[in-house]
Each structure stands twice: as C-alpha cells, then as structure tokens.
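S.K.: what would the 3D arrangement of this be:
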Amino acid sequence: MEFKIEEIIITIVVLFFGYFIIKKIKILSKRRLEANDVNYLGKMKVRITDVSNRRPPFLNVQCRGLIPVLSRTDIGFTVSIFTKNNNGKTDTVLSMIDTFQESESRAFHDLTRIGKVDEHHGFEDWTTVCNIPIHILQPAIGGRQKLKIIIMMVDMEKFPKFLFGPGKNGVLVFNKDYSYDFSIKGYNEEGGHINKARALSIKIGVAVAMSDGVFEKKEREALDVWIKKMIMPFNQEKQSVLKELYNNARDQAEQEFSDLEKNNKDWEAKLNVICKELYDINEDVQRYEALELAHEIMVSDGVEHSEESKCIFSIARNLGINTDEIELIRSSKIHKLNNVIN
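M.R.: Sure, this is the predicted structure:
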C-alpha cells in the first residue's frame, strides 16, 4: 500500500494545528440585516477545487452565498464520499485515518462547525468548509474511480445520523463528482496479511490496556468499537470470519499477558515479538492503525496513564515510528480527550 507514515503525520499536523480556517461570515453591521442588504450574495453554491499537486494532496470544498435559515441557527458542513460505477451502483469510500471517520464506521466523514448565524447571513467570498485529503481515502476497488462527494449543511441541534453516509434532515445538500486514480488496493481486494496485521494490532491494544495492571471495562468497549468498525464494510459472511479472528486475537492476548507479570522481562519480550510481526508485514497504514488504536484505548477511560504512555512509546519504537511522530498522534488524541471532558 503506497501510503507513507510521513504523509499520515503531515495530515495530522494539518488537522491539529488548525489548517481548516473558515473565513468570516458576511455581517454588514450590528443592526438586523434585511434581504436587500445581501441580495447580491445569491443562493448558496458549492465548488471543489483540485489541489492534488500538493503533498499531501487535497480537494478543497468551498461555498459562497446566503445561508438559508430564518432564525439564529448553529450550523455546520459535513462531507461524505462514495464511488459510482457506470451502472449507477454506489459503494462507500473509507478513511484510513480515524479523524476522518464516522463515529460508528470507517466511512469517510468530515464535520466543520461554523457556529451560530442569523437570517440574511452568508459567505461573501468562496470559503473553505472542508479539505479532503484524498490520499487517505480507500474505495471498495482500486484504480480509476468516479467519486460522488456529498456536501451537506446541517443544523447542529438537529444533527443527522451518519452510518455509511449521511442521513436525512440536512438544511442543504450538494452533490459533486470527481474522478481519481487510486494506486492502493480497495478494501474488497485486501489480502489476508491485512487481516493478520489487524489481529496483531488488537493484541497490541490489549497490551496497552493491561500495562497498568487492569483491563478496564471502557478499554474493552473501545477495543470492541474498533473491531466493529474494522469489519463493518464487508458482507455478512466475511464479517463473521473477521469477527472470530479478531475476537480470538483479543482473548488470546488477554490470556497471555495475564499469565505474565508486568514487571517481568517475559511480558515485554512478548509485546516486542508481536510488534516485530506487525513491522515485518511492512504495511505503513496498519502500523499507524495499531498506534491509533493504542491511543484510543489509553484515553478511553478519560485518564492518560503513565504506564500506558510508556508502553505506547515502546510500541512506536518497535514499529519504526519516531518520537516526534508519536508525540503528534498523542497530542491529537489528548486534544480530543480534553474536548470531551470540557
């Protein structure tokens, strides 16, 4: 899979340090605006600008025009992506980074909150509402694909449910097409080594959870959510096979690490062997997945445990991920944890 750790990290940097900046909404004065004040803005329009010549490459989603609300409304923009073949059949496009995933699946999803706006407010200039990092997208089948990009303006207080795409209740919905040549294999084309890599990631996740001596309930739940997201894109038969594989990996790891004392060299040696197996599979994305899972488990109980942090740094070293990269991932997860707490 031609997807490098460096590109993953650059994407995280872009996210964490606020690359996606929304320009100010047009407000002519402190007085209540009238329709005549903003007629020139026209109806809301959306366009996609190709900036795929950048590293990493992006599609820039922009909007301009009046926001169609009649009273003060807390709005946001969401983006979902599908592939569409010549027969009209659509398949969900996945994200290889969980920051761009739906809460219950790996389907690509992005949300940009605009804030509260009033009647007759709008975007005077073309304004970025999403940047789609196309190098982290994974279709069902690789090669040249026609993407169907769905941009939806939503009322944040009536937020629709997203599961493999948007639900109902969008204030506005736009559909845009874009063709892209995927160099990676699609998720329906992945080989057995990917399944093995994810089973090893689960074992690493168990090791992180148990590094402080207890496999907490919330840590188990976080691991179960991750497993569910990994198997969800597939048909029922494959889901059943993968669920058994991943659950067995979890149970086996729990038993193995329970039998070893945390301070015993055998415990650390066991984790090193698992990391080496994953490293030898030589898939950058799966190494990153393991590290993301480790952080998700660490923050699942609302506390950053020192033992778990030490364990994660050891895992990162064994997976060939340097200290700067791991710190950026950690910062992103802790930032997410702090937002939840606040």
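S.K.: sort out which residues of stretch 178-191 are buried, please.
M.R.: 178, 180, 182, 184-187, 190 (16 or more other C-beta atoms under 10 Å). Where you see a C-beta, it was placed from the backbone N, CA and C, and this is true even at glycine.
S.K.: straight-line length of it, end to end?
M.R.: 28 Å (C-alpha to C-alpha, to the nearest Å).
S.K.: residue ranges with poor pLDDT in the stretch 151-300 of the chain?
M.R.: 261-263 (pLDDT under 70).
S.K.: can you check the stretch 1-150 of the chain too?
M.R.: In the stretch 1-150 of the chain, residues with pLDDT under 70: 1-38, 52, 54-56.
S.K.: got the CA coordinates for the top helix by length along the chain in PDB?
M.R.: For the chain, the helix with the greatest residue count under DSSP state H is helix 236-258. Coordinates of each C-alpha in helix 236-258 appear next as PDB, following Å, rounded to 0.1, in the frame of the first residue of the first chain:
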ATOM      1  CA  GLN A 236     -22.100 -10.800   6.500                       C
ATOM      2  CA  GLU A 237     -20.000 -13.900   5.700                       C
ATOM      3  CA  LYS A 238     -16.700 -12.100   5.800                       C
ATOM      4  CA  GLN A 239     -17.800 -10.100   8.900                       C
ATOM      5  CA  SER A 240     -18.400 -13.400  10.700                       C
ATOM      6  CA  VAL A 241     -15.000 -14.700   9.700                       C
ATOM      7  CA  LEU A 242     -13.100 -11.500  10.700                       C
ATOM      8  CA  LYS A 243     -15.100 -11.100  14.000                       C
ATOM      9  CA  GLU A 244     -14.000 -14.600  15.000                       C
ATOM     10  CA  LEU A 245     -10.400 -13.900  14.100                       C
ATOM     11  CA  TYR A 246     -10.200 -10.600  15.900                       C
ATOM     12  CA  ASN A 247     -12.100 -11.800  19.000                       C
ATOM     13  CA  ASN A 248      -9.700 -14.800  19.200                       C
ATOM     14  CA  ALA A 249      -6.800 -12.400  19.000                       C
ATOM     15  CA  ARG A 250      -8.200 -10.300  21.800                       C
ATOM     16  CA  ASP A 251      -8.900 -13.300  24.100                       C
ATOM     17  CA  GLN A 252      -5.500 -14.900  23.300                       C
ATOM     18  CA  ALA A 253      -3.600 -11.700  24.100                       C
ATOM     19  CA  GLU A 254      -5.600 -11.200  27.400                       C
ATOM     20  CA  GLN A 255      -4.700 -14.700  28.500                       C
ATOM     21  CA  GLU A 256      -1.100 -14.400  27.500                       C
ATOM     22  CA  PHE A 257      -0.500 -11.100  29.200                       C
ATOM     23  CA  SER A 258      -2.500 -12.200  32.300                       C
END
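S.K.: not counting its own residues, what contacts it?
M.R.: 195, 198-200, 202-203, 205-207, 210, 215, 223, 227, 230-232, 234, 267, 270, 274 (C-beta atoms under 8 Å, 6 or more residues apart in numbering).
S.K.: could you point out which element follows that helix?
M.R.: helix 265-281 (DSSP states H and E).
S.K.: domains in the chain, as residue ranges please.
M.R.: Listed domain ranges for the chain are 5-182, 192-341 (source: automatic domain parsing).
S.K.: of the buried residues of stretch 178-191, closest to H109?
M.R.: Y187 (15.9 Å; C-beta to C-beta).
S.K.: any idea how far the closest one is from M96?
M.R.: 10 Å (C-beta to C-beta, to the nearest Å).
S.K.: spit out the residues that contact those two alike.
M.R.: With C-beta under 8 Å, 6+ apart as the test, Y187 and M96 both reach Q138.
S.K.: and the helix or strand in which N195 is found, what's buried?
M.R.: Counting by DSSP H and E, the element that carries N195 is helix 192-210. For helix 192-210, burial by neighbour count (16+ other C-beta under 10 Å) applies to 194-210.
S.K.: then stretch 126-135?
M.R.: 127-135.
S.K.: now stretch 102-116
M.R.: Within stretch 102-116, the residues scored as buried using 16+ other C-beta under 10 Å are 102, 105-112, 114.
S.K.: quick check: the farthest pair among those residues?
M.R.: Greatest spatial distance among these (C-beta to C-beta): R106 and I114, at 25.9 Å.
S.K.: which strands and helices lie in contact with the helix or strand hosting S314?
M.R.: Assigned by DSSP H and E, S314 belongs to helix 306-318. Packing partners of helix 306-318 (3 or more C-beta pairs under 8 Å, 6 or more residues apart in numbering; DSSP states H and E): helix 192-210, helix 265-281, helix 284-299, helix 323-341.
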